[in-house]
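Colleague: Provided below for reference: sequence and predicted model.
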Amino acid sequence: AFAYAPNFITKIIQEDTQLDPFSETIIESSKIKTRFPPEPNGYLHLGHAKAVSFNFAVARMFGGACHMRLDDTNPSKEDREYVESILEDVKWIQSGLYDGDAPWDGKVRKTSDYFDLIYDCAIFLIQNGHAYVDSLSADEMREYRGTLTEPGKDSPFRSRSVEENLQLFQEMKAGKCAEGEHVLRAKIDMASPNINMRDPTLYRIKHESHQETGDKWCIYPMYDFSHPISDAVEEITHSLCTLEFEDHRPFYDWTIQKLLPSGLISATPRQIEFSRLNIKSTVLSKRKLIQLVEEKHVNGWDDPRLPTLSGLRRRGVPPSALRLFCERVGISKADSNIDYSVLEDCVREVMDEACSRAFCVLNPLKVTITNWEGGLEKFTVDRHPKLAEMGTRVIPFGKSLFIERSDFFDLEGPEGKLSGGIPPKGFKRLLPNEMVRLRYAYVIQCNEIIRDAETQEPIELKCAYLPDTRAGNTPEGMSRVQGIIHWVEESTGVKCQINQYDRLFKVEEPGKDSGDFLKDVNADSLEILSSAIVEPSVLTDVVDILEKIDENKDTYHSTLAYQFERSGYFALDTASTGPESLVLNRVATLRDTWGV
Ligand code: ATP
Ligand code: MG
Ligand code: MG
């Protein structure tokens, strides 16, 4: 279950604990604790998947625990909608992985749970001369901070007495001050070569209601101050974060060290940084995702083209494919820019194993078997070519069928004129007067083409079937028919809508040339096929699953997915499927056809 290769973080934890998760013996339990701390200011995306997947995996490898903590210290950007979507996403990405023994205890922790404690920590720092109230304006503070090459200088308020600082801070808390009037800062070193150590802000005034604490507070702690405290309180041993926090680590450690004597915290968590996930042909920045949604380039946060976890879920990507992707990408300190196809390959690998096969005709062309007498013949065939345990399905055959429009090459019609009367190179499927095999059933021969009076496009083929060719048989004296195509019988087939997705961006690095990533949005990234027709076994499965969804909201995630033979992997769009309409999303093509 732990497919992460050994990496620099597992090595550090091995050194810290003298435990070896890569040996034969499973580590039953240890004090190792990690956490996943998203801020509820947006929807989770593939980048978060990397962090959540690794934090859970590390905890499990070392027999420890992983906390889910909402880092909710900035009420102006946060919202309960985000809180709910984050929790749903995290549950989803873990689903099917642990049986009863998950590293996450299911408790939802929040930084706001610790606001009282964090406030006490601030008071302790003030009392011990490690923090002061500064009354410079934001602009002045920036000016005093200095630059990378120039040291900063002390604020004139830096020498306020402990008493004055305590009083002002309490007034800030009591709501007596305007936003921006004061901030609380750590007193460290305005000449430090690390700008993060030049008296960073600990608290700022915000007269804003918080989604959890309401109007109790009008001062809110900064991320850099609340984070080490929350980690210590929860006895997190290894606080894993992305590389942009490397320069913040000295302040993380400073906070812990200065607060240990207070007795308010007693643990000493260790921060370790790894590189962010970047993926080509998409965007992972929260700002850009918000723009795509708000300016309606996509249909909401769960649009199946988005790299959000809710979008990938709706598309039908199995959570195990996401985990496989995260494991394959691995953990290191090196920046990387992963090809989108790596994710698609993981999807194919997982779905190939997991999905039943079915016939679905995406763009139907009617075929009438002129010499067919009587009713339906039923063929019982395997659901999966390699996994017999998946069982069988029944596909009816009869007088009226549909085949894929693209499986017939209309040599005698407009198509043939364009091609100079020559079929495309290597075309082995149906031609006028020629034969093709309908998979699992019979060989048919096309004898007549019925055309649309105006366009001359074929609307129906009159064909004869060869009774001796049943279920793969080739009678003596007849040469083997090369082409094999899929088909669906008309009276039992189920009409459905198929949404076919392509990449959301036309280029690998959206916005690289023009500076505007929206210019590279692929306008043809959604193709809706509204007259597709699928074999009846699919409908039976869908009715089952819809009943289950009604009974129990939790099975929402157990989406139904198929490999439609010769077309790709498709999953039920549970959000828009109802008793009257069957809608499926294409999750992935059968192989990488991008750019072909
Ligand atoms: P933003 O700066 O847009 O708010 P963020 O990185 O701060 O994004 P959070 O919700 O605070 O987003 O992140 C929660 C966790 O997910 C953090 O530990 C963060 O490091 C991790 N994370 C976010 N994006 C990525 C990414 N692209 N690759 C790896 N980890 C990521
Ligand atoms: Mg954030
Ligand atoms: Mg953040």
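Modeller: Yep, that arrived. Numbers count the residues shown, from 1 in each chain. Ligands and ions are numbered 1, 2, ... in the order given.
Colleague: hey, let's count contacts and neighbours off CA atoms from now on
Modeller: Will do.
Colleague: quick check: closest non-adjacent residue to residue 465.
Modeller: residue 444 (4.3 Å; Cα to Cα, 6 or more residues apart in numbering).
Colleague: doesn't that neighbour lie inside a helix?
Modeller: No. Under DSSP: H, G, I helix; E, B strand; the rest coil, residue 444 sits outside any helix and is assigned strand.
Colleague: tell me the bridge partners for it.
Modeller: Counting by DSSP bridges, residue 444 is bridged to residue 436, residue 465.
Colleague: likewise for residue 527?
Modeller: Applying DSSP bridges, one finds that residue 527 bridges with residue 500.
Colleague: doesn't residue 585 make contact with it?
Modeller: No. The pair residue 527 and residue 585 does not pass the contact test of Cα atoms under 8 Å, sitting 10.3 Å apart.
Colleague: joint contacts of those two?
Modeller: Residues within reach of residue 527 and of residue 585 at once, by Cα atoms under 8 Å, 6 or more residues apart in numbering, are 499-501.
Colleague: out of those, which is nearest to ligand 1?
Modeller: Using Cα to the nearest ligand atom, residue 501 comes nearest to ligand 1 of the shared contacts of residue 527 and residue 585, at 23.0 Å.
Colleague: so what's the residue count around the closest one?
Modeller: 19 (other Cα atoms under 10 Å).
Colleague: contacting residues around it?
Modeller: Counting by Cα under 8 Å, 6+ apart, residue 501 touches 304-305, 525-527, 585-587.
Colleague: would you confirm that residue 343 contacts residue 322?
Modeller: Yes. The pair residue 343 / residue 322 is scored as a contact, 7.4 Å apart, by Cα under 8 Å.
Colleague: thinking again about what came up before, residue 527 and residue 585: who's more crowded?
Modeller: residue 585 (22 against 11).
Colleague: which SSE is that one in?
Modeller: If you go by DSSP states H and E, residue 585 is part of strand 583-588.
Colleague: which neighbours in the sheet does that strand have, and how are they oriented?
Modeller: strand 494-501 (parallel), strand 568-572 (antiparallel).
Colleague: chain center to the helix or strand of the chain with the lowest mean pLDDT: distance?
Modeller: Lowest mean confidence among the helices and strands of the chain (mean pLDDT, DSSP states H and E): helix 536-551, at a mean of 75. Averaging C-alpha positions (Cα atoms, centre = their mean, to the nearest Å) puts helix 536-551 25 Å from its chain's average.
Colleague: swap in stretch 321-335?
Modeller: Averaging C-alpha positions (Cα atoms, centre = their mean) puts stretch 321-335 13 Å from its chain's average.
Colleague: average pLDDT for that stretch?
Modeller: What stretch 321-335 shows for mean pLDDT is 95.
Colleague: and stretch 568-580, by the same measure?
Modeller: When pLDDT is averaged over stretch 568-580, the result is 86.
Colleague: quick one: contacts of it?
Modeller: Stretch 568-580 is contacted from outside by 314-316, 348, 351, 542-543, 546, 556, 559-564, 582-591, using Cα under 8 Å, 6+ apart.
Colleague: change it to 7 Å
Modeller: 314, 316, 559-564, 583-590 (Cα atoms under 7 Å, 6 or more residues apart in numbering).
Colleague: dump the C-alpha coordinates for it into PDB.
Modeller: The C-alpha trace of stretch 568-580 is given here as PDB (Å, rounded to 0.1, in the frame of the first residue of the first chain):
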ATOM      1  CA  GLY A 568     -12.000   5.000 -24.100                       C
ATOM      2  CA  TYR A 569     -12.900   5.200 -20.400                       C
ATOM      3  CA  PHE A 570     -16.200   6.700 -19.400                       C
ATOM      4  CA  ALA A 571     -17.800   7.300 -16.100                       C
ATOM      5  CA  LEU A 572     -21.400   8.200 -15.100                       C
ATOM      6  CA  ASP A 573     -21.900  11.900 -14.500                       C
ATOM      7  CA  THR A 574     -23.800  11.500 -11.300                       C
ATOM      8  CA  ALA A 575     -24.600  15.100 -11.100                       C
ATOM      9  CA  SER A 576     -26.700  15.200 -14.300                       C
ATOM     10  CA  THR A 577     -27.900  11.700 -14.700                       C
ATOM     11  CA  GLY A 578     -31.500  11.000 -13.700                       C
ATOM     12  CA  PRO A 579     -34.200   8.500 -14.500                       C
ATOM     13  CA  GLU A 580     -34.800  10.200 -17.800                       C
END
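Colleague: let's number from 28 now, not from 1
Modeller: Shifting the count to begin at 28 puts that one at stretch 595-607.
Colleague: in three-state terms, label residue 534 for me.
Modeller: With three-state DSSP as the basis, residue 534 sits in coil.
Colleague: count of residues packed around it?
Modeller: When neighbours are defined as other Cα under 10 Å, residue 534 has 17 of them.
Colleague: quick check: domain ranges of the protein?
Modeller: For the chain, automatic domain parsing gives the domain ranges 142-253, 385-516.
Colleague: got CSV for those, with distance to residue 272 and mean neighbour count too?
Modeller: Output for those, formatted as CSV (distance: least, Cα to Cα, whole Å; neighbours: other Cα atoms under 10 Å):
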stretch, distance to residue 272, mean neighbour count
domain 142-253, 9, 18
domain 385-516, 47, 17
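Colleague: residue 299: which of those is closest?
Modeller: Within these, the stretch nearest residue 299 is domain 142-253; the backing value is 14.5 Å (Cα to Cα).
Colleague: please see if the closest one touches ligand 1.
Modeller: No. Domain 142-253 stays clear of ligand 1 (Cα under 6 Å from any ligand atom), getting no nearer than 9.3 Å.
Colleague: so how far is that domain off the chain centroid?
Modeller: 37 Å.
Colleague: please work out the average pLDDT along it.
Modeller: Taken as a whole, domain 142-253 carries a mean pLDDT of 97.
Colleague: show the end-to-end separation of it, please.
Modeller: Counting by Cα to Cα, to the nearest Å, you get 9 Å between the two ends of domain 142-253.
Colleague: isn't residue 153 up against residue 147?
Modeller: No. The criterion here is Cα atoms under 7 Å, and residue 153 misses it with residue 147 at 9.9 Å.
Colleague: phi, psi of residue 223?
Modeller: For residue 223, the backbone dihedrals are phi -60, psi -20 (criterion: degrees, to the nearest 10).
Colleague: do the one 4 residues further on as well
Modeller: Residue 227 adopts backbone torsions of phi -60, psi 150, taken as degrees, to the nearest 10.
Colleague: show me what contacts it?
Modeller: Here residue 227 is in contact with 212-213 (criterion: Cα under 7 Å, 6+ apart).
Colleague: so which residues of the stretch 428-577 of the chain form helices?
Modeller: Here the stretch 428-577 of the chain has its helices, by DSSP state H, counting those that start in this stretch, at 441-445, 563-578.
Colleague: just put those helices in TSV and tack on distance to ligand 1.
Modeller: TSV is the format used below for the helices of the stretch 428-577 of the chain (distance: least, Cα to the nearest ligand atom, whole Å):
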stretch	distance to ligand 1
helix 441-445	47
helix 563-578	30
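Colleague: need the three-state assignment for the residue in the stretch 378-527 of the chain that ligand 1 sits nearest to.
Modeller: Nearest residue of the stretch 378-527 of the chain to ligand 1, counting by Cα to the nearest ligand atom: residue 378, 24.8 Å away. Under three-state DSSP, the three-state class of residue 378 is helix.
Colleague: not counting its neighbours along the chain, what's nearest it?
Modeller: Using Cα to Cα, 6+ apart, the nearest residue to residue 378 is residue 596, at 7.1 Å.
Colleague: pull out the buried residues from stretch 593-613.
Modeller: For stretch 593-613, burial by neighbour count (16 or more other Cα atoms under 10 Å) applies to 594-601, 604, 609-613.
Colleague: report the contact partners of residue 316.
Modeller: Counting by Cα under 7 Å, 6+ apart, residue 316 has no contacts.
Colleague: that one is in what secondary structure piece?
Modeller: With DSSP H and E as criterion, residue 316 is part of helix 313-321.
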